[in-house]
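Novice: one predicted model, sequence on top.
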Amino acid sequence: MGRPTDPSFRSASSPRRTQVIGDVSVCPNTATFSAGHRLAIWPGVRDRYGSGRRVLPLRDLQERMLFAEALDAVDCLESGVLTSVADADGP
């Protein structure tokens, strides 16, 4: 998804307008960090991109999971963990 193109967006490492409260760094319009770990996203992200809590059809979820498993199987074949397609097919 990448970084928003909104000019008001500043990276959390930006020295401008960063406040340190205890061990938590807070920058306006950015993520909140503590000891290098993100605690929260910047406040306007939900308004800009939505909540991300949409319901996906079961069929879409099944296809996504199967695709991920297929990629893992190909990696196993290419790395030599599996020696044939039949090895990946199970017992």
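Specialist: All right, it came through fine. Numbering: from 1, shown residues only.
Novice: what residues sit buried inside the longest helix along the chain?
Specialist: Longest helix of the chain, by residue count under DSSP state H: helix 58-79. Neighbour-count burial for helix 58-79 flags Ala73 (criterion: 16 or more other C-beta atoms under 10 Å). C-beta: built from backbone N, CA, C; applies to glycine.
Novice: pLDDT of the following helix or strand past that helix, averaged?
Specialist: Counting by DSSP states H and E, the next helix or strand C-terminal to helix 58-79 is helix 85-88. Mean per-residue pLDDT for helix 85-88: 84.
Novice: can I assume Pro43 sits in a helix?
Specialist: No: Pro43 sits outside any helix when classified using DSSP: H, G, I helix; E, B strand; the rest coil, being coil.
Novice: helix or strand with the lowest mean pLDDT in the protein?
Specialist: Within the chain, no helix or strand scores below strand 24-26, which has a mean of 48 by mean pLDDT, DSSP states H and E.
Novice: against which helices or strands is the longest helix of the chain packed?
Specialist: helix 85-88 (3 or more C-beta pairs under 8 Å, 6 or more residues apart in numbering; DSSP states H and E).
Novice: where in the chain is pLDDT low?
Specialist: 1-36, 38-39, 91 (pLDDT under 70).
Novice: go again using 50 as the cut-off
Specialist: Counting by pLDDT under 50, the chain has low-confidence residues at 1-2, 4, 6-9, 11-12, 14-18, 23-26.
Novice: quickly list the domain ranges of the protein.
Specialist: The chain is divided into the following domains under automatic domain parsing: 1-52, 58-88.
Novice: tell me how far Leu82 lies from Cys76.
Specialist: Using C-beta to C-beta, to the nearest Å, Leu82 is found at 5 Å from Cys76.
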